[in-house]
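Participant: Got a predicted structure plus its sequence, pasted below:
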Amino acid sequence: MDPVEALRETAFWLERERASTYRVEAFRKAAGALGDLTAEDIAERAGSGALARMKGLGPRTTTVVEQALAGEVPAYLSDLRERNTEPLAEGGAELRALLRGDLHSHTDWSDGGSPIDEMARAAAWRGREYQAITDHSPRLTVANGLSRERLEVQLEVIADVNAGDPGVTLLTGIEVDILDDGGLDQDDDLLGRLDVVVASVHSKLRMDSSAMTRRMVAAVSNPHTDVLGHCTGRLVEGSRGTRKQSQFDAEQVFRACADHGVAVEINSRTERQDPPDELIDLANELGCLFSIDTDAHAPGQLDFLDHGAERAAARGLDPDRIVTTWPLDRLRDWLSR
């Protein structure tokens, strides 16, 4: 098999398993080191022993390349495939099969780990009809948020990737910070050029309930907002520790979402599980739309949709109220509302 694809697929399965960043990066760096070489060049270097001396390759990645060149599925990759045959979640299989895309993902333009074209390849391989690229906005400097100028360049890059027919439609977008007063952290005219705007709170999560309610209602009332991202900001597990959910009047916020046609995100990351079950139920009772999203920061995390589908199915959500079950033309009609 193609050695570069073998390295990329190995990294994908490791990401899906939530392996350490160090292990994943070893295979992504090796794929990058070989990416500009022809198969003949790689084979020649392997035969001469030069492959093992290349920067970016180590003993394990070199073995994967050599076994792929020999016409084998590398043993390490074969083992990963075997371990990843089952969905990540036990429930929600019927709903998961209806999901056509994902409106929240990150690339190495902000705090993600892979370039746009790599995310597109993985999304196409995993059967996506569409995938939104929603890197962070300027104020989130810790996540390398995109300035206006960088976002404008990214729009050109996404257009070029789409023009190359990657097998999935990339939607332009942003995960825009909700500012303290409920404003959105990017220029209005640029927000209007994007396909998808996910609005999320990332700062002052312990704000007083009444102030947080006003802040969130203002954000979802903004005509540019399409999705309210991980609404409570909670963390229930993971390397960052745990964090209690923000306090706000959920009924007011979700009524505003319903009134303005804004989807409440069901964030599929296991460390978030946001919103909590009782808030999913409340949003459902109030007639909200939903968007099951991965918030993926790496290609292998695109399979996290399994978790979101399981939670949505357990709460009995109508699939037709989940915008990520919609075909692209219907989705575009809603996004252009």
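Facilitator: Structure received. Numbering: from 1, shown residues only.
Participant: And the strands in this structure?
Facilitator: With strands called from DSSP state E, the chain shows them at 101-102, 130-133, 169-177, 196-200, 227-228, 263-267, 289-293.
Participant: Tell me how many other residues surround the residue lying closest to residue 96 once chain neighbours are set aside.
Facilitator: Sequence neighbours aside, residue 309 is the residue nearest to residue 96 in space, at 3.8 Å (criterion: Cβ to Cβ, 6 or more residues apart in numbering). C-betas here are computed from N, CA, C, even on glycine. Residues near residue 309, counting by other Cβ atoms under 10 Å, number 30.
Participant: now do residue 224
Facilitator: Other residues within reach of residue 224, judged by other Cβ under 10 Å, total 16.
Participant: how close does it get to residue 26?
Facilitator: Counting by Cβ to Cβ, to the nearest Å, the gap from residue 224 to residue 26 is 40 Å.
Participant: Which secondary structure elements does the helix or strand bottoming out on mean pLDDT in the chain sit against?
Facilitator: When the helices and strands of the chain are compared on mean pLDDT, DSSP states H and E, helix 39-48 comes out lowest with a mean of 93. For helix 39-48, the elements it packs on are helix 3-16, helix 59-69, judged by 3 or more Cβ pairs under 8 Å, 6 or more residues apart in numbering; DSSP states H and E.
Participant: hang on, the earlier thing: ok, the residue nearest to residue 96 - contacts?
Facilitator: Contacts were defined as Cβ atoms under 8 Å, 6 or more residues apart in numbering; by that measure residue 309 touches 89, 92-93, 95-96, 99, 268, 292.
Participant: Any of those residues buried? List them.
Facilitator: Neighbour-count burial (16 or more other Cβ atoms under 10 Å) applied to the contacts of residue 309 gives 89, 92, 95-96, 99, 268, 292.
Participant: just the residues you listed now: which is nearest residue 254?
Facilitator: Set against residue 254, the nearest of those by Cβ to Cβ is residue 292 (16.6 Å).
Participant: Report pLDDT for the closest residue in space to that closest one that isn't next to it in sequence.
Facilitator: If the residues on either side of it in the chain are set aside, residue 292 comes closest to residue 308, at 4.0 Å by Cβ to Cβ, 6+ apart. Note for residue 308: predicted pLDDT of 98.
Participant: okay, now residue 308: neighbour count?
Facilitator: Neighbours of residue 308 (other Cβ under 10 Å): 29.
Participant: And residue 48, by the same measure?
Facilitator: Using other Cβ under 10 Å, the number of residues around residue 48 comes to 10.
Participant: Contacts made by the least confident helix or strand of the chain with the rest, please.
Facilitator: If you take Cβ under 8 Å, 6+ apart as the criterion, helix 39-48 is touched by 2-4, 34, 37, 50-51, 54, 65-66, 69.
Participant: Now flag whichever of those residues is closest to residue 173.
Facilitator: Among the contacts of helix 39-48, residue 4 lies closest to residue 173 (Cβ to Cβ), at 28.3 Å.
Participant: Go ahead and confirm that closest one touches residue 34.
Facilitator: Yes. The pair residue 4 / residue 34 is scored as a contact, 5.2 Å apart, by Cβ atoms under 8 Å.
Participant: between these two, which one's more packed in?
Facilitator: Legend: neighbour count by other Cβ under 10 Å for residue 4 and residue 34, higher for residue 34 (23 against 20).
Participant: Wait, the more buried one touches residue 3, no?
Facilitator: Yes. Shown here, residue 34 and residue 3 form a contact pair, counting by Cβ under 8 Å, at 6.6 Å.
Participant: okay, and the common contacts of those two?
Facilitator: Common neighbours of residue 34 and residue 3, counting by Cβ under 8 Å, 6+ apart, are 42, 65.
Participant: What residue, apart from its backbone neighbours, is nearest residue 272 spatially?
Facilitator: Looking at residue 272 with Cβ to Cβ, 6+ apart, the closest residue is residue 230, at 5.3 Å.
Participant: Determine the number of other residues adjacent to the residue lying closest to residue 247 once chain neighbours are set aside.
Facilitator: In space, residue 247 comes closest to residue 209 once its chain neighbours are excluded; the distance is 4.1 Å by Cβ to Cβ, 6+ apart. Number of residues near residue 209 (other Cβ under 10 Å) recorded here: 11.
Participant: do you know how far residue 209 is from residue 279?
Facilitator: 14 Å.
Participant: how many other residues sit next to the closest residue to residue 277 other than its chain neighbours?
Facilitator: Nearest residue to residue 277 in three dimensions, chain neighbours excluded: residue 315, at 6.4 Å (Cβ to Cβ, 6+ apart). The tally of other residues near residue 315 (other Cβ under 10 Å) stands at 16.
Participant: next one: the one 3 residues further on
Facilitator: Look at residue 318: counted by other Cβ under 10 Å, it has 10 neighbours.
Participant: what sits against it?
Facilitator: Taking Cβ under 8 Å, 6+ apart as the definition, residue 318 has no contacts.
Participant: and what of residue 298?
Facilitator: Counting by Cβ under 8 Å, 6+ apart, residue 298 makes contact with 15, 24, 112-114.
Participant: and with 7 Å instead?
Facilitator: Counting by Cβ atoms under 7 Å, 6 or more residues apart in numbering, residue 298 makes contact with 15, 112-114.
Participant: Alright, I will stop here.
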